[in-house]
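Novice: 3D model of this:
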Amino acid sequence: MTHRAPLIIPVENQVRELDPKLLLACIAARRGFTSIIGSHREIDFQIASFARGLYLNKSMTERNLKMFQIMRRFGHEILTWDEEALVHLPSEIYYSRRLSPVAIRFIAHLFAWGEDNADLWRHYPHIPPELPIHVTGNPRNDMLRPELHGFYAEEVRSIRETYGDFVLINTNFNHINAFFPAQNLFKPVKHPGEPPQFGKAGVGMTLPYAEGLRDHKQAIFHAFQSLIPELARAFPQLSIVVRPHPTEGQDVYHRIAAGQARIHVTNAGNVVPWLLAARALIHNGCTTGVEAYVMRIPAITYRAVVNEAYDSGFYILPNRLSHQAFDRDQLFGLLEAVLNGTLGPAAGADLNAVVMRYLAAMDGPLACERMVGVLEDIVIRRPEIPKPPLSDRLIGMTFSGSRRMLKHIKSFLPGSHAPPEFHRHRYPGVSLEQLRSKIQRFQDILGDDTPIRAEQLSQKIFRIRAA
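Specialist: Predicted coordinates:
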């Protein structure tokens, strides 16, 4: 059966999102869906050119509102999950930062990572009572499951050949070391003594919470900068691979690595093959701590500075699922135990129970399969999305064109939080041949012989469907 309504699947951070969302498109293709997948920014710019479809968004913040209004004019139906709802802020701050009481009214269905995420949404004071929440898991969890690890086999082999035995340091200091200063918790002040102004990362936080988080992250950031060369000296048999957060600046790490042959800085590709290739992961409060636990990779959280207001709130999940080191000597001892085989990944029935609450679809049908099941139910009950009046579509075209022009102009203004080079960093692009290769690998792993066709619609947008 071929469904009329296409899936529109925008990808914001290519290294983190493209592979799992492409898996979703492949599973959807075998069930009769056509998917439009590619750069989030470019898809939104071209939204008027797509047939009415199901738009799978990744957030519902105040920043989404303008685009939601435009999509409603064209008749698209919006379904969403929240990429930031797995390792999330305390509920009141999460609500003010990640949920807009106006934007959420444009949403037709919600997909939750797990029961913790679903409960977080259920307690939101402004959630429409009739809004369905589907606890399906997230496409990103599927890539952590053992049966999908083969998708990255060639990349794992290449990484090991290039770096040998290595420890992976994943950083998440994008709140204070962002790719551009306007993306931090606070914008740089022009004159000493000026009151702080929130940057993009601080939107929705109270001033005391944001200032405390800034100070805590800054202290940990300094500890990690000292740790990297110390780790290289203490373990001369290892390479050190530093993988910054996708929206984090890398200059400070490149300065540390300068002249150090065994220290490497990269955030190339998805994190999964890097975790699979590494001897151990070192982090602090990073989502990769959760991913490492699920994949049974030894992970150590380096808590050289402790602030329980944040460590037991915002970062409780990844820290709890990792071995904990509170100083350099303790970290070195844990790492030595991992290397000599006397210490494996963190384990225990209590930790497994925690993970099962946060992550659905860790066994049985994949999260992508569960999501496509929900999408099938939607289109079977209503095979065609209602066509909006011509007046709405004309207004939508006007708003879409003016938004595109304004975004283009603003990206070149001084102090922009998203200049052109940031968009190129976040979504550098993929060729049609690379995309087809990824699709074939998914098909081989899934044992699915459905012929799937990938077509390039523009430089950064593709159509995926059964041939």
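Novice: can you map out the helices along the stretch 1-150 of the chain?
Specialist: Assignment of helices within the stretch 1-150 of the chain using DSSP state H, counting those that start in this stretch yields the ranges 14-30, 40-45, 65-74, 91-98, 115-122, 139-142.
Novice: swap in the stretch 151-300 of the chain?
Specialist: Under DSSP H, counting those that start in this stretch, the stretch 151-300 of the chain gives helices at 153-163, 207-234, 251-257, 271-277, 287-295.
Novice: The first one packs against which elements?
Specialist: It stands for helix 153-163. helix 271-277 (3 or more C-beta pairs under 8 Å, 6 or more residues apart in numbering; DSSP states H and E). C-beta coordinates here come from the backbone N, C-alpha and C atoms, glycine included.
Novice: And the helix it packs on, what does it pack against?
Specialist: For helix 271-277, the contact count by 3+ C-beta pairs under 8 Å, 6+ apart identifies helix 14-30, helix 153-163, strand 166-170, strand 239-243, helix 287-295 as packing neighbours.
Novice: right, and the ones you listed - which one's nearest Thr450?
Specialist: Closest approach to Thr450 among these (C-beta to C-beta): helix 14-30, 4.3 Å.
Novice: packing partners for the closest one?
Specialist: When contacts are defined as 3+ C-beta pairs under 8 Å, 6+ apart, helix 14-30 sits against strand 7-11, strand 35-39, helix 139-142, helix 271-277, helix 367-381, helix 432-446, strand 452-458, strand 461-466.
Novice: For Thr301, which non-adjacent residue is spatially closest?
Specialist: Leaving aside its sequence neighbours, Thr301 sits nearest to Ser322 (C-beta to C-beta, 6 or more residues apart in numbering; 4.1 Å).
Novice: okay but the one you found is in contact with Ile297, surely?
Specialist: No - distance between Ser322 and Ile297: 10.2 Å, which falls outside the contact criterion (C-beta atoms under 8 Å).
Novice: okay, and the common contacts of the two?
Specialist: The overlap between the contact sets of Ser322 and Ile297 (C-beta atoms under 8 Å, 6 or more residues apart in numbering) consists of Leu281.
Novice: which of those two has more neighbours?
Specialist: With other C-beta atoms under 10 Å as the criterion, Ser322 and Ile297 differ in neighbour count, and Ser322 comes out ahead with 29 against 23.
Novice: out of the helices of the stretch 151-300 of the chain, nearest to Ile93?
Specialist: Distances from Ile93 to each of those were compared using C-beta to C-beta; the minimum, 6.0 Å, belongs to helix 207-234.
Novice: coming back round to it: could the helices and strands packed on helix 14-30 be laid out in CSV, adding distance to Asp116?
Specialist: Shown next, in CSV, are the helices and strands packed on helix 14-30 (distance: least, C-beta to C-beta, whole Å):
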stretch, distance to Asp116
strand 7-11, 25
strand 35-39, 28
helix 139-142, 13
helix 271-277, 22
helix 367-381, 15
helix 432-446, 28
strand 452-458, 34
strand 461-466, 31
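Novice: I'd like to know which of those is closest to Pro414.
Specialist: Proximity to Pro414, assessed across those by C-beta to C-beta, is greatest for strand 35-39 (24.4 Å).
Novice: For the closest residue to His254 other than its chain neighbours, report the pLDDT, please.
Specialist: The shortest distance from His254 to any non-neighbouring residue, by C-beta to C-beta, 6+ apart, is to Val265 (5.4 Å). We note a pLDDT of 97 for Val265 in this prediction.
Novice: before we move on, what about His3?
Specialist: As summarised for this prediction, His3 has a pLDDT of 78.
Novice: same deal with the one 5 residues further on?
Specialist: At Ile8 the predicted local distance difference test score is 98.
Novice: Then the one 5 residues further on?
Specialist: Listed pLDDT for Asn13 reads 93.
Novice: can you pull the contacts of it?
Specialist: Residues touching Asn13, when contacts are defined by C-beta under 8 Å, 6+ apart, comprise 246-247, 426-427.
Novice: among the residues you listed, which two are most distant?
Specialist: Thr247 and Tyr427 (11.7 Å).
Novice: tell me the contacts of Val189?
Specialist: Contacts of Val189 by C-beta under 8 Å, 6+ apart are 196-197.
Novice: Please report how far it lies from Gln197.
Specialist: As judged by C-beta to C-beta, to the nearest Å, Val189 and Gln197 stand 8 Å apart.
Novice: With Gly32 instead?
Specialist: Gly32 is 50 Å from Gln197, by C-beta to C-beta.
Novice: Compare these two (neighbour count), which wins?
Specialist: More crowded of Gly32 and Gln197, by other C-beta under 10 Å: Gly32, with 15 against 12.
Novice: how far away is that one from Arg424?
Specialist: Between Gly32 and Arg424 the distance, using C-beta to C-beta, works out to 35 Å.
Novice: just Gln237 next, same as before
Specialist: When distance is defined by C-beta to C-beta, Gln237 is 37 Å away from Arg424.
Novice: cool, and Ala346?
Specialist: The span separating Ala346 from Arg424 equals 37 Å under the rule C-beta to C-beta.
Novice: what about these two, which has more around it?
Specialist: Applying other C-beta under 10 Å to Ala346 and Arg424 shows that Ala346 carries more neighbours, namely 19 against 10.
Novice: helix/strand/coil for the more buried one?
Specialist: Using DSSP: H, G, I helix; E, B strand; the rest coil, the secondary structure recorded for Ala346 is coil.
Novice: Also Tyr310?
Specialist: Look at Tyr310: counting by three-state DSSP, its state is helix.
Novice: Now it: closest residue in space that isn't a chain neighbour?
Specialist: Setting aside the residues directly before and after it, Tyr310 is nearest to His216 in space (C-beta to C-beta, 6+ apart), at 5.2 Å.
Novice: quick one: contacts for the nearest residue to Asp116 once chain neighbours are set aside?
Specialist: Closest residue in space to Asp116, ignoring its immediate chain neighbours: Tyr358 at 4.8 Å, by C-beta to C-beta, 6+ apart. Neighbouring residues of Tyr358 by C-beta under 8 Å, 6+ apart: 86, 113-117, 290, 317.
Novice: Restricted to buried residues, select the residues you listed in ChimeraX.
Specialist: Typed into ChimeraX, the line below selects the buried ones among these, using 16 or more other C-beta atoms under 10 Å:
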select :86,113,114,116,117,290,317
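Novice: Between which two of the contacts of Tyr358 is the distance greatest?
Specialist: Taking C-beta to C-beta, the two most distant members of these are Glu115 and Val290; they sit 15.1 Å apart.
Novice: show me where the stretch 301-450 of the chain has strands.
Specialist: 323-325 (DSSP state E, counting those that start in this stretch).
Novice: how is the chain carved up into domains?
Specialist: With automatic domain parsing as the criterion, the domains of the chain are listed as 7-144+363-466, 152-352.
Novice: so Leu321 touches Val290, yeah?
Specialist: Yes - between Leu321 and Val290 there is a contact at 5.8 Å, judged by C-beta under 8 Å.
Novice: Tell me where this structure is predicted with low confidence.
Specialist: For the chain, residues meeting the criterion pLDDT under 70 lie at 1, 415-418.
Novice: Kindly recompute the last result at 50.
Specialist: Across the chain, nothing is flagged by pLDDT under 50.
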